[in-house]
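1. Would you be able to build a 3D model of this:
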Amino acid sequence: MRADNTRHIITAARQRHELTRAKAIQALRTLDTEGRPITFEAVAQAAAVSRSWLYAHPDVRAEIERLRAAHRRAPATPLPARQRSSDTSLLRRLETANQRIRQLAEENRKLREQLAQALGERRATANRDTASARATHRPNPVTIGPC
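-> Numbering: from 1, shown residues only. Here you go, the predicted structure:
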């Protein structure tokens with residue numbers, strides 16, 4: 001007759017279940033503290049478990065749904081009034097940015113003109129050199145000697 005080893009299998013299954021549950025809860029805590037979105041997919045990937053496992057455990061499922069709802073409701077943390085920019089400050093920054101844009105546009109226009117001037121001078125020099133090379137280059141006359 002065989003020995004009854006089912007208690008070892010049951011113990012291993014319980015340990016595996018508790019380990020999987022601990023991984024899922026740790027993944028939930030990590031996602032929550034990092035401020036990342038809490039979804040069944042994200043928790044499943046972070047905990048290396050299947051989504052169906054998460055859905056099958058009502059307490060884990062309820063916690064995911066609770067945290068997901070809390071993240072949706074919670075607006076971004078508002079800045080204190082003294083840290084917020086005033087309308088005057090924002091307008092001043094906008095004026096400064098527009099002024100800088102105008103300066104850069106003017107600088108770009110001048111650089112384009114300088115480039116066009118330099119390229120034109122280079123082309124003119126190249127044309128003069130080519131013309132003088134043609135004028136000084138004469139074909140060698142071929143002298144045919146006596147036969």
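
2. Let me see the backbone angles for residue 36.
-> When quoted as degrees, to the nearest 10, the phi and psi of residue 36 stand at phi -80, psi 160.

3. right, and the secondary structure at the residue nearest to it when sequence neighbours are not counted would be what?
-> Closest residue to residue 36 in three dimensions, ignoring its sequence neighbours and counting by CB to CB, 6 or more residues apart in numbering: residue 42, at 6.6 Å. The C-beta positions use only the backbone N, C-alpha and C, and glycine is treated the same way. Under DSSP: H, G, I helix; E, B strand; the rest coil, residue 42 falls in the helix class.

4. And the contacts of the lowest-mean-pLDDT helix or strand in the chain?
-> When the helices and strands of the chain are scored by mean pLDDT, DSSP states H and E, helix 58-73 comes last with a mean of 85. In this structure, residues lying in contact with helix 58-73 by CB atoms under 8 Å, 6 or more residues apart in numbering are 21, 24-25, 28, 31-32, 37-40, 43, 54-55.

5. Apply 10 Å and report the result again.
-> 20-21, 24-25, 27-29, 31-32, 35-40, 42-44, 47, 49, 53-55, 57 (CB atoms under 10 Å, 6 or more residues apart in numbering).

6. Ok, stretch 46-56 next?
-> Taking CB under 10 Å, 6+ apart as the rule, stretch 46-56 contacts 17, 20-28, 30-31, 34, 36, 38-41, 43-45, 57, 60-61, 63-64.

7. Buried only: go through those residues for me.
-> By the neighbour-count criterion of 16 or more other CB atoms under 10 Å, these include these buried positions: 20-21, 24, 27-28, 31, 38, 40, 43-44, 57, 60, 63-64.

8. which one among those gets closest to residue 104?
-> residue 31 (43.6 Å; CB to CB).

9. residues in contact with the closest one?
-> Residues 37, 38, 39, 42, 43, 45, 46, 47, 64, 67, 71 are the ones in contact with residue 31 under the rule CB under 10 Å, 6+ apart.

10. for those residues, which one is nearest residue 127?
-> Distances from the contacts of residue 31 to residue 127 were compared by CB to CB; the smallest belongs to residue 37, at 65.9 Å.

11. The residue nearest to the closest one when sequence neighbours are not counted: how many residues sit nearby?
-> Nearest residue to residue 37, sequence neighbours excluded (CB to CB, 6+ apart): residue 71, at 6.4 Å. Look at residue 71: counted by other CB atoms under 10 Å, it has 15 neighbours.
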